[in-house]
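>>> Dropping a prediction and its sequence here:
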Amino acid sequence: MSRIEIKHITHRYQENDAVLKDVSYAIRSGEFFSLLGPSGCGKSTLLNIIGGFLNPTEGSVEVDGREILHLPSYQRNIGMVFQSYALFPHMTVFKNIAYGLSIKKAGKDEIRRRVAECLDLVQLSGLGDRMPHQLSGGQQQRVAIARALANSPSILMLDEPMGNLDAKLRKEMQVELRAIQQRTGITTIMVTHDQEEAMSMSDRIGIMQNGTVQQVGTPYEIYRTPANSFVAGFLGNVNMTHAVLADPATHTYLSSDWTDFDGQPVSIRVAPENCPLSTVGNALFMIRPERIEISLEPRPDAVAVAAESIVYVGSALQITASFGKKGRLFLDVSDPFFAVPPKVGDRFYIAWKPGDFRAIAEQEAGA
Ligand SMILES: Nc1ncnc2c1ncn2[C@@H]1O[C@H](COP(=O)(O)OP(=O)(O)OP(=O)(O)O)[C@@H](O)[C@H]1O
């Protein structure tokens, strides 16, 4: 188990603009850490720097307090799994897994023992004689994991490891990979652009955009208390509105983006602890779709909306609703709430508790 400290990494390819801009992360020993961000934000570049395939323009990477950037890749004691698996097609599963140990000139008995252990770990015992093309995609991926672990690395790095699997297998492998990581306790960094994958597998997530760190936290922290509007919108669905303070005594704001059927701005009460910016008088607020209450009957505290689109996903109805005169929002209604699913144009009523709205920062300048 190793601790990794990424300190002030900046990277430029040739004379181009920096694709990593002063990136710092401290990854704890034994942690499953995901780098999550949209395509092109610099995740793979950072992984390649840690792995020793690329030298950064500036900055340092330390493992357990020791600088590693001067070390060649093979001396960094890092196991890598790529999206393509990169198995050697002309070698058996056994030889693929044994490859790193053979290079290190390990003895035959040690190789046999370690390969058997790794095959067992990824639940492929008995398949050592197969060629990669005789395996399913999920099995090939497990061989790639076994190969990465065979040398007993202190760090495991995964670059979009589930990218080539279909949705169902992907879910199964997420659970398995997490279980393997927990059994071995190995410090793991995974690059992904799949938010659900990062949420379901990670101890902590580092959200990146445009070569910058936007937030680091547990899935729970990042979803519940996003640092800014980019993070809020990147992780799950969110409703956001600017609103102006109307009554400081009750922390009531009037939306600048949502107007009800009577043409009045929608009013929002915000719990004081969710509104650190209240003194500013004008702030950006967010509410998650699943936090919005639905009522079929009018209520004094509820606003009328009309369904604009309805998607049934089995466990819930995902509804886009319009406020009437101006603005729309997403609702996530657990099934079965409606005895009969609503139709486009149907009206119902929505309400929220003050604790469900939260002030957030606008997206950081320069990100
Ligand atoms: N060898 C290279 N030469 C020049 N620019 C590069 C090179 N490799 C990557 N880039 C650029 O660096 C930026 C970051 O790329 P990177 O592959 O690190 O992003 P990513 O977040 O991993 O994206 P994806 O999820 O699509 O793999 C992109 O703008 C990309 O075009």
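Good, I have the coordinates.
>>> unless I'm mixing things up, residue 50 is touching residue 189, no?
Yes: contact status for residue 50 versus residue 189: in contact at 6.9 Å, counting by Cβ atoms under 8 Å. No exception for glycine: its C-beta is placed from N, CA and C like everyone else's.
>>> shared neighbours of these two, anything?
4, 155, 157 (Cβ atoms under 8 Å, 6 or more residues apart in numbering).
>>> With distance to the ligand and pLDDT as extra columns, can I get those residues in CSV?
Listed next are the shared contacts of residue 50 and residue 189 as CSV, based on distance: Cβ to the nearest ligand atom, whole Å; pLDDT from 0 to 100:
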residue, distance to the ligand, pLDDT
4, 18, 97
155, 18, 96
157, 13, 96
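>>> Which of these sits closest to residue 185?
Within the shared contacts of residue 50 and residue 189, proximity to residue 185 (Cβ to Cβ) peaks at residue 155, which comes in at 11.8 Å.
>>> how about the strands in the stretch 101-250 of the chain?
For the stretch 101-250 of the chain, applying DSSP state E, counting those that start in this stretch gives strands covering 155-159, 187-192, 204-209, 212-217, 239-247.
>>> okay if I get these as JSON lines plus mean neighbour count?
Output for those, formatted as JSON lines (neighbours: other Cβ atoms under 10 Å):
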{"stretch": "strand 155-159", "mean neighbour count": "23"}
{"stretch": "strand 187-192", "mean neighbour count": "25"}
{"stretch": "strand 204-209", "mean neighbour count": "24"}
{"stretch": "strand 212-217", "mean neighbour count": "20"}
{"stretch": "strand 239-247", "mean neighbour count": "17"}
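>>> Could you chop the chain up by domain?
Annotated domains of the chain cover 4-232, 237-359 [the TED database].
>>> now the end-to-end length of the longest one.
Meaning domain 4-232. Using Cα to Cα, to the nearest Å, one end of domain 4-232 lies 27 Å from the other.
>>> residues in the stretch 151-300 of the chain within reach of the ligand, list them.
Counting by Cβ under 6 Å from any ligand atom, the positions of the stretch 151-300 of the chain adjacent to the ligand are residue 193.
>>> Point me to the residue of the stretch 151-300 of the chain nearest the ligand.
Here the residue of the stretch 151-300 of the chain nearest the ligand is residue 193; by Cβ to the nearest ligand atom that distance is 4.8 Å.
>>> and residue 322, what does it touch?
Residue 322 makes contacts with 305, 306, 308, 328, as judged by Cβ under 8 Å, 6+ apart.
>>> Residue 294 now?
The contact partners of residue 294, by Cβ under 8 Å, 6+ apart, come to 331, 333, 337, 348, 349, 350.
>>> looking at it, residue 202 is touching residue 28, isn't it?
No: Residue 202 sits out of contact with residue 28 when judged by Cβ under 8 Å, with a separation of 11.9 Å.
>>> more crowded one of the two?
More crowded of residue 202 and residue 28, by other Cβ atoms under 10 Å: residue 202, with 23 against 14.
>>> Need the nearest residue in space to the more buried one, chain neighbours excluded.
Setting aside the residues directly before and after it, residue 202 is nearest to residue 34 in space (Cβ to Cβ, 6 or more residues apart in numbering), at 4.2 Å.
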